[in-house]
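> Starting from these lines, generate the structure:
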Amino acid sequence: MAVTSGAEHTSPKFGEHRCQRLPTYQQHAAGGSNTKGSGSGKSPKLEGKSLRPVVMRVEFVFTGPATSSSVSLRGAWNGWEALALRSEGVRWCTSTSVPVGVHEFYFEVDGSPMLSREYARNDARTRNVRAVKLPRWPPKQPPVSDVKSSPRV
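The predicted structure is shown next:
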């Protein structure tokens, strides 16, 4: 394929990208780098626009003592506000929107803080930790042998 513009096309090397850098949600919220720039490594100015974090619907499950009368979830993403869990026997669960990222949380069982064995813990072992990630895109396709073909008419 001949290049007609006379400019040589080169692919970016690993780790490089040709997109303009945009400020992260944290930089924008903290009033970080908002100077105009194109390719200069500085973030563009976003006038009148606020960036919102990407949120995912996440289910939290706690298995506790059968004698528990109430269980709530408190997390860093919502300012440690209590979110009630519904009972399914000794299993308690809830589903809530959580921003993409790593978040600390804990459960309150009958008013007392308690950690779950079902989730990882922070380094100080004082809170549970959960990483919320975006789903894989494009979705994983089934192998060709698993796809049922429809009869042709």
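
> use CA for all of it now, contacts and neighbours both
OK.

> so where is the protein shaky, pLDDT-wise?
Low-confidence segments of the chain (pLDDT under 70): 1-50, 139, 142-153.

> any idea where the helices of it begin and end?
25-29 (DSSP state H).

> Could you report the neighbour count for Ser97?
Ser97 is flanked by 13 other residues according to other C-alpha atoms under 10 Å.

> correction: Phe107
Other residues lying near Phe107 total 25 when counted by other C-alpha under 10 Å.

> got it, and Val54?
13.

> Can you list phi and psi of it for me?
Backbone torsions of Val54, given as degrees, to the nearest 10, read phi -80, psi 130.

> Surely it is in contact with Pro99?
Yes: using C-alpha atoms under 8 Å, Val54 is in contact with Pro99, at 5.5 Å.

> residue contacts, Ser69?
Val109, Asp110 (C-alpha atoms under 8 Å, 6 or more residues apart in numbering).

> on that earlier part again, would you mind listing the residues touching both of Val54 and Pro99?
Common contact partners of Val54 and Pro99 (C-alpha under 8 Å, 6+ apart): none.
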